[in-house]
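Student: Quick one, what's the 3D model for this:
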Amino acid sequence: MISVRRAGERGHENYGWLDTQHTFSFGEYHDPRHMGFRALRVINEDRVKPESGFGTHSHRDMEIVSYVLDGELGHKDSMGTGSVIRPGDVQRMSAGTGVTHSEWNHSKTEFVHFLQIWILPDRRGLEPGYEQKTLAPEAMHNQLRLIASPDGRDGSVTVHQDARIHAARLDAGREVAHPLGAGRHAWVQVARGAVDVNGTALAAGDGASVSDEARIAIRAGEAAEVLLFDLG
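Tutor: Purely as a prediction, here's the structure:
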C-alpha cells in the first residue's frame with residue numbers, strides 16, 4: 001500500500017530569510033492527519049537566504065539529521081562542535097538531555113537548500129552527540145547508499161532508533177530496488193527530479209509511505225535524488 005503526500009499539500013511558511021515546506025506538522029503548521037510516520041517525525045525542506053540562518057536555539061530527545069542539497073550550512077553547538085555541511089555530507093545530532101545549536105548560511109550570494117529530518121529516539125535522556133560523514137558521489141550514483149542506521153554500519157551515521165536512511169542520485173531511466181522486511185514500513189522522499197515508486201509517480205517535494213509491500217522499486221523518469229527511510 002502506498003499513500004502519497006504531494007509537495008503542494010505540505011505546510012508552507014516564508015519568513016523572508018527562510019522559505020520552508022513541512023511534510024509533517026511542525027511549528028505553527030499543525031495538521032492532525034500528518035503528525036509523522038512511524039518514528040519519522042519531521043521532514044522540512046528549507047531554503048535559507050545568504051547571510052541568514054537559525055540563531056542559537058535548543059532541542060532535546062530527538063535525532064536530527066541534516067542533508068544538504070545545495071550551498072553550505074555552518075553548524076555550531078553547545079558540545080563544542082563547529083562544522084560546515086555541504087552536498088554529499090550527512091549530519092546527525094542527538095539532542096538527548098538537551099543541546100543548543102545554530103545553523104547559518106555564511107555565503108553572501110548563495111542560498112542553502114537542505115532537508116531537516118527529525119526521528120524520535122528509541123529512549124529519552126540520551127547523552128547529546130554529534131556525527132558528520134562525507135559520502136563519495138559514486139556511492140550514491142544509481143544505487144541506494146546507506147547514510148544512517150542504528151549501528152553505523154557501512155560508514156553511515158548512527159541514529160538511536162530502528163530506522164535506516166538510504167540516499168540515491170539516479171540518472172533518467174535508471175532504477176533501484178529495496179527489499180522491505182515483514183512488518184517494516186518505508187517512506188520515500190523525492191528531493192529533486194521525478195520518479196516512479198511501485199507504479200506511483202512522484203515529483204520533487206513529494207513523499208510517500210509504503211506498507212505491506214515486499215519490494216520498493218524506484219525508477220527515475222528524469223535525473224532525480226531520493227531518500228528512502230526503512231522504519232520499524
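Student: then stretch 46-63 to PDB, C-alphas only?
Tutor: Below are the C-alpha coordinates for stretch 46-63, written out as PDB (Å, rounded to 0.1, in the frame of the first residue of the first chain):
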ATOM      1  CA  ASP A  46      14.400  24.500   3.900                       C
ATOM      2  CA  ARG A  47      15.800  27.300   1.800                       C
ATOM      3  CA  VAL A  48      17.900  29.800   3.700                       C
ATOM      4  CA  LYS A  49      18.900  33.200   2.200                       C
ATOM      5  CA  PRO A  50      22.500  34.300   2.100                       C
ATOM      6  CA  GLU A  51      23.900  35.700   5.400                       C
ATOM      7  CA  SER A  52      20.900  34.300   7.300                       C
ATOM      8  CA  GLY A  53      20.100  31.300   9.400                       C
ATOM      9  CA  PHE A  54      18.700  29.700  12.600                       C
ATOM     10  CA  GLY A  55      20.100  31.500  15.600                       C
ATOM     11  CA  THR A  56      21.000  29.600  18.800                       C
ATOM     12  CA  HIS A  57      18.100  27.500  20.000                       C
ATOM     13  CA  SER A  58      17.600  24.300  22.000                       C
ATOM     14  CA  HIS A  59      16.300  20.800  21.400                       C
ATOM     15  CA  ARG A  60      16.000  17.600  23.500                       C
ATOM     16  CA  ASP A  61      15.100  14.000  22.900                       C
ATOM     17  CA  MET A  62      15.300  14.000  19.200                       C
ATOM     18  CA  GLU A  63      17.600  12.600  16.500                       C
END
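Student: Report the separation between the residue most central in space within the chain and Y29.
Tutor: By C-alpha atoms, centre = their mean, the chain has its centre lying nearest to I117, at 4.3 Å. Using C-beta to C-beta, to the nearest Å, I117 is found at 16 Å from Y29. For every residue, glycine as well, the C-beta is placed using N, CA and C.
Student: if we can go back for a sec, which phi and psi does the residue nearest to the centre of the chain have?
Tutor: phi -120, psi 130 (degrees, to the nearest 10).
Student: the helices in the protein, which residues?
Tutor: Taking DSSP state H to define them, one finds helices in the chain at 137-140.
Student: that older thread, could you give the number of residues near the residue lying closest to the residue nearest to the centre of the chain once chain neighbours are set aside?
Tutor: Excluding its sequence neighbours, the residue lying closest to I117 (C-beta to C-beta, 6 or more residues apart in numbering) is V65, at 4.2 Å. Residues within reach of V65, counting by other C-beta atoms under 10 Å, total 23.
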